[in-house]
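Enquirer: Got a predicted structure plus its sequence, pasted below:
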Amino acid sequence: MSAGFDSAGVGGTLANEQKLSLGDKLLRLNWLVALLICVLGAIGCAMLYSAGDGGWDPWARRQLVRFAAGFVVMLVIALISIRVWMRLAYVIYFASFALLVAVEVMGQVGMGAQRWINLGFMQLQPSELMKVATVLALARYFHGTSLEEIGRLTRLILPLALVLAPTALVLQQPDLGTALMLLMVAGAIFFVAGVRLWKFAIVIAGGLAAIPVAWQFLHGYQRERILTFLDPSRDPLGAGYHITQSTIALGSGGLFGRGFGQGTQSHLNFLPERQTDFIFTMLAEEFGLIGGLTLIGLFGLLIAAGIIIGLRSYSQFGRLLAIGLATNLFLYVFINIAMVTGRIPVVGVPLPLISYGGTAMLTVMVSVGLILSVSIHRDQRISRHTLDGEM
Amino acid sequence: MDRDTDRQRSLTRRTLVLGGLQVGLFGVLGARLYELQVTEAERYARLADDNRINVQLIAPSRGRIVDRFGQDLAVNDQDFRLLMVAEQAGDVEAVLDRLSAVLPLEDDEIERVLRDVSSRRSFVPVTVRENLSFRQVAEIEVNAPDLPGLSIDVGELRRYPHARLTTHVVGYVGAVSEEELTGDPVLALPGFRIGKSGVEREHDLTLRGEAGARQVEVNAIGRIIRELSREEGQPGEDVQLTLDLGLQQYVQERLSTEISAAATVIDTETGEILALASHPGYDGNLFTNGIDHANWQRLLNDPHTPLVNKAIAGQYAPGSTFKMVVALAGLEDGVIDPTERIFCPGHMDFGNHRFHCWRRGGHGSLAMIESIAQSCDVYYYELARRVGMDRISHFANRLGLGINLPLDMPGQRAGLVPTRAWKEATRGESWLQGETLIAGIGQGYVLTTPLQLAVMTARLANGGREVTPHLTLRVGGPDAPLVDPPAEPLGFAEENMAVVREAMIAVTSGRTGTARRSQIDEPGFEMAGKTGTSQVRRITAAERAAGITRNQDLPWARRDHALFVGYAPIAAPRYACSVVVEHGGGGSAVAAPIASDILRETQRRAPARPLIQASDLADGLEGQDG
């Protein structure tokens, strides 16, 4: 956890190697991002307080504890050198992959899908960690790949495998939302790394062609969700109930909302899962359009900060890592809000920092920690080949 | 480094594209929120209220039905019900067990409660027992601490204090059937009852009142969170009937000496129905909570048809009570003079048939008044022949026979007074003149109801005014206006009416009158009337030759119907009465004594409104005495 550890990892071959003390690092911490995290965390706790009908239990208190723990994790990750993260990228990837496999073997059934590993103090969802790990691994891979090399198809086989292997496992669980998110994050990294657009075109065309085939492999409830999304009225008390009730709650919030703790739809239990996936609905019911747009704005600032941090990084690894993680954050927010407003099917993606849940909180804190690490170590230059040999 | 610079440039460019895409997608979300929360906010606010606000109806209290003197005929009893809310009870079986010590429960009762509890949400009250006595309520209340989740609820239960006397008139209420749902939400309330027959049905909407409503906030599973507003309903209006309960009781009990009979008493001036009795009766209270199968089968299969209100739905050949109609028709049409004498040899030959008089030896020479007093058949064969069927039918209808009367009560039958056209239309055969002769003595196709006969008698007694029979005295409180349908003159000549009335007086007061033995022996209460005996079987020539079988020797269902119509007092007619004893035998022997008793009792009770001056009445009585 010190500058010394840092330099050992890089091997002292770079010209403008930096040695930063702990104090320097804290000074270089992006305090805007930290502040945004705190504000969002506070909003989350407030909404869970409301969701608990004006009580710290059952959700707000635990969320606050998790937030505090997550915040510490975030800071620790931020202070660890980006070189260490680059070195550990594949290790973390394979560790996460192993956990994902473990879920298949010994995971317990929750909400109709195998997604959790019970760690005793929290339910770990390896697929969430897998997203961060995949971003790390891809950033690491593309860091060591020149623009010319990326142009070669053979060079894309390994990163594709890095993406498709966990995606297949997550689909197996089955968790359609997370699988799609993995593909989209990976796609964003491939795109930013410089993969030619025509290759995307081919893959997308192939993907569309595969839809009828994929439909055969979808579970009944997944098909149901997609069909219900296309026409919520076909099952107003069943699968369509979530979307219908969510839009009613949202719409009834109006411009200024019903006031904190006054959301009738949420508090009378018409809104399902108000503490997790549908917490944005409750926020928008209680604080109206103003509240909803404010929250989207705050997330927008956080994501923009992540992307800017990426753009300002000296290393390709740092750039891809920060942009990839920021995009991942964007996907969380977008998919969750698009879902609760009835724009896309209900796929079960939480709203980071706001929804009740340990894994999502941890994932976001780890992601932002890594982004902050990129920020602190933005001037660190890492040779394209330095670490390649070590693998 | 240059390559890295290229790579960085490419990355920056593409990142800006990616960032732009993200901004665009967030914009889509913002637009969606604007659409939901501003453009369509009102619609969603309404949907949200629909979601959470549940309108519950409060059943209105049903109006009472009382008789003309305010005696209760249909009232609402408080119904104490024991309800259980499972989630408050906790261990339901243990609570029921403890309840058994206070209120003994049958095994199947406990089973039903447990079944109801398991099939409903735990906060929905389940009825444990209805119709608790005060004592049971008190015992449960005392033990309340040991009986969590149990509560006493007060509802309303319709009760008929004099059901056996009045069910045919008052009717009864019952649960709303599928076909009776009109969309009025109050009908869907659990336990709501509507009028199924009689006055309960006729005045159902008036008695029902208007439901109140309370708005409650409910959560997603329907639990009531709080009451938002409450609007009390409008209780149903009371209905006061023209019926005199005391007279009704007398008439019903008087009829109960017979197997099956009906009687009607109406006010000749107003048309008010004072008594409308049909025997045997039944207990309408049986229907309030749904009649059980055994009782229903018993009522349904009883050969004496207790479910039928024979006073308005029993159709009987009027027999000789029809002779006044033919007499009046003959006088009005000028085909006979009241003094003209017609000779009765005991039969009349017409066409190929011989038409018999009830007296085998014949009546000899008779004028009109004697013909009615002695009820000669031959006189009316001849008179009917002269008048013709269609004219007889016309006068019968004007007097209220063979038509649907404008009665404020469901279930009446029209009876029938045939015309030539009627037979053509329904039988496809032309009318035979012999049938006119048969109709002339109230037999053949002619059918009337006891109510129609009473109306006919009233219209004859009141000098030919078209009184309308009605049961409703007023709707609403004691200040409500009286129902008073007009009684326009029918346009019959007064001297003709006088002849008919004089003939009816001769029936009860004349030396040879068929009902002279039944004349009321209280001075001033004397009645006028007409006997009738209507055959329900055809008497063959062979039987006539061998001697007609006496009624008592026939099976009940083949015996003659005994009829009597009458009015009283003679001097100032006020009450008209009709009596039909099904298969009772002769009108003079069976029906006339009953009518006599009824009219005497009616005059003793004097239920009529004081329309005529007491002095007028006194004058009339003096005249009669002389």
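Expert: It's in.
Enquirer: so who does residue B:78 touch?
Expert: Shown in contact with residue B:78 (C-beta atoms under 8 Å, 6 or more residues apart in numbering or on different chains): B:154-157. (C-beta placed from N, C-alpha, C; glycine too.)
Enquirer: of all of chain A, which residue lies closest to chain B?
Expert: Residue nearest to chain B within chain A: residue A:251 (2.4 Å; C-beta to the nearest C-beta).
Enquirer: hey, C-alpha coordinates of the top strand by length along chain B in CSV?
Expert: Identified as the longest strand of chain B according to DSSP state E is strand B:72-84. Extracted C-alpha coordinates of strand B:72-84, given in CSV (Å, rounded to 0.1, in the frame of the first residue of the first chain):
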residue,chain,number,x,y,z
ASP,B,72,-95.9,-3.4,11.7
LEU,B,73,-96.0,-5.9,8.8
ALA,B,74,-92.3,-5.9,7.9
VAL,B,75,-89.6,-4.6,10.2
ASN,B,76,-85.9,-4.7,10.5
ASP,B,77,-84.5,-6.6,13.4
GLN,B,78,-81.0,-6.0,14.6
ASP,B,79,-79.0,-9.0,13.7
PHE,B,80,-76.1,-9.6,16.0
ARG,B,81,-73.3,-11.4,14.2
LEU,B,82,-70.1,-12.8,15.6
LEU,B,83,-67.2,-12.1,13.3
MET,B,84,-63.6,-13.2,13.6
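Enquirer: partners of that strand, with directions?
Expert: Applying DSSP bridges, strand B:72-84 is found paired with strand B:65-66 (antiparallel), strand B:126-132 (antiparallel), strand B:150-159 (antiparallel).
Enquirer: which of those strands sits most buried?
Expert: strand B:65-66 (a mean of 24; mean count of other C-beta atoms under 10 Å in any protein chain shown).
Enquirer: Of all the residues in the longest strand of chain B, which ones are buried?
Expert: Buried residues in strand B:72-84, counted by 16 or more other C-beta atoms under 10 Å in any protein chain shown: B:73-74, B:76, B:79-84.
Enquirer: before we move on, what about stretch B:200-220?
Expert: B:200-204, B:206-214, B:216-219.
Enquirer: Could you pull up the mean pLDDT of it?
Expert: Stretch B:200-220 shows a mean pLDDT of 82.
Enquirer: neighbours around residue 50, how many?
Expert: Here I'm looking at chain A. 27 (other C-beta atoms under 10 Å in any protein chain shown).
Enquirer: look at chain B instead
Expert: Applying other C-beta under 10 Å, I find that residue B:50 has 10 neighbouring residues.
Enquirer: Need the three-state assignment for it.
Expert: For residue B:50, the secondary-structure state derived from DSSP: H, G, I helix; E, B strand; the rest coil is helix.
Enquirer: how far does the helix or strand where residue B:566 lies sit from the chain's center?
Expert: According to DSSP states H and E, residue B:566 maps onto strand B:561-568. Taking C-alpha atoms, centre = their mean, to the nearest Å, one finds strand B:561-568 lying 23 Å from the centre of the chain it belongs to.
Enquirer: got the angle between the next helix or strand after it and strand B:561-568?
Expert: Scanning forward in sequence from strand B:561-568 by DSSP H and E, the next helix or strand is strand B:575-581. Per axes from the mean of the first three to the mean of the last three C-alpha atoms, to 10 degrees, the angle that strand B:575-581 makes with strand B:561-568 is 170 degrees.
Enquirer: Adjacent strands (with direction) for strand B:575-581?
Expert: Counting by DSSP bridges, strand B:575-581 is paired with strand B:261-267 (antiparallel), strand B:561-568 (antiparallel).
Enquirer: CA atoms of it as CSV?
Expert: Extracted in CSV, the C-alpha atoms of strand B:575-581 (Å, rounded to 0.1, in the frame of the first residue of the first chain):
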residue,chain,number,x,y,z
TYR,B,575,-117.5,-2.7,2.0
ALA,B,576,-117.4,-5.2,-0.8
CYS,B,577,-116.4,-8.8,-0.2
SER,B,578,-115.7,-11.8,-2.3
VAL,B,579,-115.2,-15.4,-1.0
VAL,B,580,-114.1,-18.4,-3.0
VAL,B,581,-113.8,-21.7,-1.3
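Enquirer: and residue B:74, how far is that from residue B:189?
Expert: 19 Å (C-beta to C-beta, to the nearest Å).
Enquirer: Give me the neighbour count for the residue in the stretch 1-150 of chain B that chain A sits nearest to.
Expert: Closest residue of the stretch 1-150 of chain B to chain A, C-beta to the nearest C-beta: residue B:44 (2.4 Å). When counting by other C-beta under 10 Å, one arrives at 22 neighbours for residue B:44.
Enquirer: and it, what is it in contact with?
Expert: Here residue B:44 is in contact with A:247-248, A:250-252, B:36-37 (C-beta under 8 Å, 6+ apart).
Enquirer: average model confidence for the host helix or strand of residue A:41?
Expert: Applying DSSP H and E as the criterion places residue A:41 in helix A:31-51. For helix A:31-51, the mean per-residue pLDDT is 91.
Enquirer: just stretch A:149-161 next, same as before
Expert: Here the average pLDDT along stretch A:149-161 is 86.
Enquirer: From the opening residue of it to its closing one, how far?
Expert: 17 Å (C-alpha to C-alpha, to the nearest Å).
Enquirer: now stretch B:311-325
Expert: OK, stretch B:311-325 end separation, C-alpha to C-alpha: 20 Å.
Enquirer: pLDDT (mean, whole number) over it?
Expert: Stretch B:311-325 comes out at a mean pLDDT of 93.
Enquirer: Name the residues of stretch A:20-31 that are buried.
Expert: So for stretch A:20-31, counting by 16+ other C-beta under 10 Å, buried means A:20, A:25, A:28-30.
Enquirer: hang on, the earlier thing: now do the residue of chain A closest to chain B: how many residues are near it, please.
Expert: Applying other C-beta under 10 Å, I find that residue A:251 has 27 neighbouring residues.
Enquirer: Repeat that for residue B:457.
Expert: 31.
Enquirer: wait, isn't it in contact with residue B:564?
Expert: No: Residue B:457 is beyond contact range of residue B:564, at 9.7 Å (criterion: C-beta atoms under 8 Å).
Enquirer: Buried residues in the longest helix along chain A, which are they?
Expert: The residue-count maximum for a helix in chain A (DSSP state H) belongs to helix A:279-311. Neighbour counts over helix A:279-311 (16+ other C-beta under 10 Å) mark A:279-293, A:295-296, A:298-303, A:305-311 as buried.
Enquirer: avg pLDDT for it?
Expert: 92.
Enquirer: what about that helix, near chain B?
Expert: Yes: Helix A:279-311 reaches chain B (C-beta under 8 Å from any C-beta of the partner chain) through A:284, A:288-289, A:292-293, A:296, A:300, A:303-304, A:307, A:310-311.
Enquirer: Can you name the residues that contact the residue of the stretch 451-600 of chain B found nearest chain A?
Expert: Closest residue of the stretch 451-600 of chain B to chain A, C-beta to the nearest C-beta: residue B:476 (43.2 Å). Going by C-beta under 8 Å, 6+ apart, residue B:476 touches B:237-238.
Enquirer: buried residues in stretch B:14-24?
Expert: B:14-15, B:18-19, B:22.
Enquirer: returning to what we had before: the longest helix of chain A packs against which elements?
Expert: helix A:31-51, helix A:240-253, helix A:264-267, helix A:316-340, helix A:358-376, helix B:2-34 (3 or more C-beta pairs under 8 Å, 6 or more residues apart in numbering or on different chains; DSSP states H and E).
Enquirer: Three-state assignment for the residue lying closest to residue B:331 once chain neighbours are set aside, please.
Expert: Nearest residue to residue B:331, sequence neighbours excluded (C-beta to C-beta, 6 or more residues apart in numbering or on different chains): residue B:496, at 4.0 Å. When classified by three-state DSSP, residue B:496 comes out as helix.
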